[in-house]
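> Fold the following.
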Amino acid sequence: MQNTPRTRVLIVNDDGFRSDNLRALAAALSKVADVFVFAPETEQSGVSQAFTVRRALRIKAVPADDDAPVAADGSRNWPFGFYSVSGTPADCAKFALGHFAKFGLSQEPEGCPGVSSAAGEFDVCFSGVNVGENSGVSSLYSGTVAGAREAALWGVPGVALSLRGCGGDLLETAVEFAVRVVKDRLFEGIAPGTFWNVNFPKVKPADFKGYKSTKMAHEMFTDHYSLVDADDGFGDKLWLLDGDKLWNESPVDSDDYLLNQGYATITPHRINQTAYESLKLIDEMINEKLAEGGQV
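Prediction:
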């Protein structure tokens, strides 16, 4: 009987390669899959899907430290490939899927036309486990969610994992969820051009209510800016952003609302953001106002 190849898993995040959550996720998944981690050198929260185009990226193997398991000979080694990247979460996924998946850390062969898909090279990409929720409109700003979105662009199922704030204790639950996604190959149910945004509530395990499939809330933050008692060294005032969500004002079937009720929310997102219901209106506008000689 031919052995079934082990699942190939990519992990990225926006909290950086030193994140304890990242390392816990990678360690657990390495027991059931071949795991490769590409994570930013520094925290990249809130950068969304920004990527680097006019500056070269530095890719470095992360040396084993006290978090790495001890081998029989007393040495320490990561049970997964582990690299830091001098860029964003999207950079991490883009490099891993657009280059490393096919060429490793070698130079792309001369004359290569480039790579536009990593389907078949990696089976699934997890992004996280993030410290802080990324439900609702948070997902639009999130570097964590962007990591999963970037994977979807490359034809690889993406799953973003986030914990709502501190004070809960569901990291183990989030890691167990990821392991189940791999072992049961649940990632095969993620349709092409889509990815999952998964958020875990700020509750103790005993108060965890389980999982809900949800739609994305779109209610905005209560953002406000305040002057801080400091300047930038040039005498200019500094403004600090603060705010929160009105959790219970979101629709009762949305991720924000159900996350606040103690559920983990699984929200499918799509790459195609076309508002199809507006196409007819735009066509009418073009025909009526932008036809030959017409003016808007």
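
> Just the C-alphas of the host helix or strand of Thr144, formatted as PDB.
Using DSSP states H and E, Thr144 maps to helix 143-153. Only the C-alpha atoms of helix 143-153 are listed here, as PDB (Å, rounded to 0.1, in the frame of the first residue of the first chain):
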ATOM      1  CA  GLY A 143      -2.800  41.600   9.100                       C
ATOM      2  CA  THR A 144      -3.800  38.100  10.400                       C
ATOM      3  CA  VAL A 145      -6.900  37.900   8.100                       C
ATOM      4  CA  ALA A 146      -4.700  39.300   5.200                       C
ATOM      5  CA  GLY A 147      -2.400  36.300   5.600                       C
ATOM      6  CA  ALA A 148      -5.300  33.900   4.900                       C
ATOM      7  CA  ARG A 149      -6.600  36.100   2.100                       C
ATOM      8  CA  GLU A 150      -3.200  36.100   0.500                       C
ATOM      9  CA  ALA A 151      -3.200  32.300   0.600                       C
ATOM     10  CA  ALA A 152      -6.600  32.200  -1.100                       C
ATOM     11  CA  LEU A 153      -5.200  34.400  -3.900                       C
END
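
> Would you tell me what the next helix or strand after that helix is?
Next in sequence after helix 143-153, counting helices and strands by DSSP H and E, comes strand 158-163.

> residues in contact with that next one?
21, 25, 124-135, 139, 142, 144-145, 147-152, 170-171, 174, 177-178, 181, 187, 190, 195-200, 202 (C-beta atoms under 8 Å, 6 or more residues apart in numbering). In this view, the C-beta of every residue, glycine as well, is placed from N, C-alpha and C.

> What is the subsequent helix or strand relative to that strand?
Once strand 158-163 ends, the next helix or strand along the chain (criterion: DSSP H and E) is helix 171-183.

> Sheet partners, orientation included, of the helix or strand just after that next one?
Moving toward the C-terminus from helix 171-183, the next helix or strand (DSSP H and E) is strand 194-200. Sheet pairing of strand 194-200 (DSSP bridges) gives strand 158-163 (parallel), strand 264-270 (antiparallel).

> how close does the closest residue to Asp14 other than its chain neighbours sit to Val228?
Nearest-residue entry for Asp14: Gly143, 3.1 Å, with adjacent residues in sequence omitted and distances by C-beta to C-beta, 6 or more residues apart in numbering. Between Gly143 and Val228 the distance is 24 Å, computed by C-beta to C-beta, to the nearest Å.

> Bridged to the closest residue in space to Ala152 that isn't next to it in sequence, which residues?
Closest residue in space to Ala152, ignoring its immediate chain neighbours: Phe195 at 4.2 Å, by C-beta to C-beta, 6+ apart. Following DSSP bridges, Phe195 is listed with bridge partners His269.

> so what's Phe195 up against?
Shown in contact with Phe195 (C-beta under 8 Å, 6+ apart): Ala148, Arg149, Ala151, Ala152, Pro157, Gly158, Val159, Ala160, Pro268, His269, Ile271.

> I'd like to know which of those are buried.
Taking 16 or more other C-beta atoms under 10 Å as the criterion, what is buried in the contacts of Phe195 is Ala148, Arg149, Ala151, Ala152, Pro157, Gly158, Val159, Ala160, His269.

> ok, so of those residues, who is nearest Gly111?
Distance to Gly111 across the buried ones among the contacts of Phe195 (C-beta to C-beta) is lowest for Ala151, with 27.2 Å.

> correct me, but that closest one touches Ala101?
No. Applying C-beta atoms under 8 Å as the test, Ala151 and Ala101 come out as separate, 11.0 Å apart.

> what sits against Tyr83?
Phe17, Phe36, Val37, Phe38, Ala39, Ile59, Lys60, Ala61, Val62.

> and what of Glu176?
By C-beta under 8 Å, 6+ apart, Glu176 lies in contact with Ala28.

> Please renumber the chain so that the first residue is 626 from this point on.
Done: numbering now begins at 626, and the last item shifts to Glu801.

> Asp809 versus that one, what's the distance?
Using C-beta to C-beta, Glu801 is found at 12 Å from Asp809.
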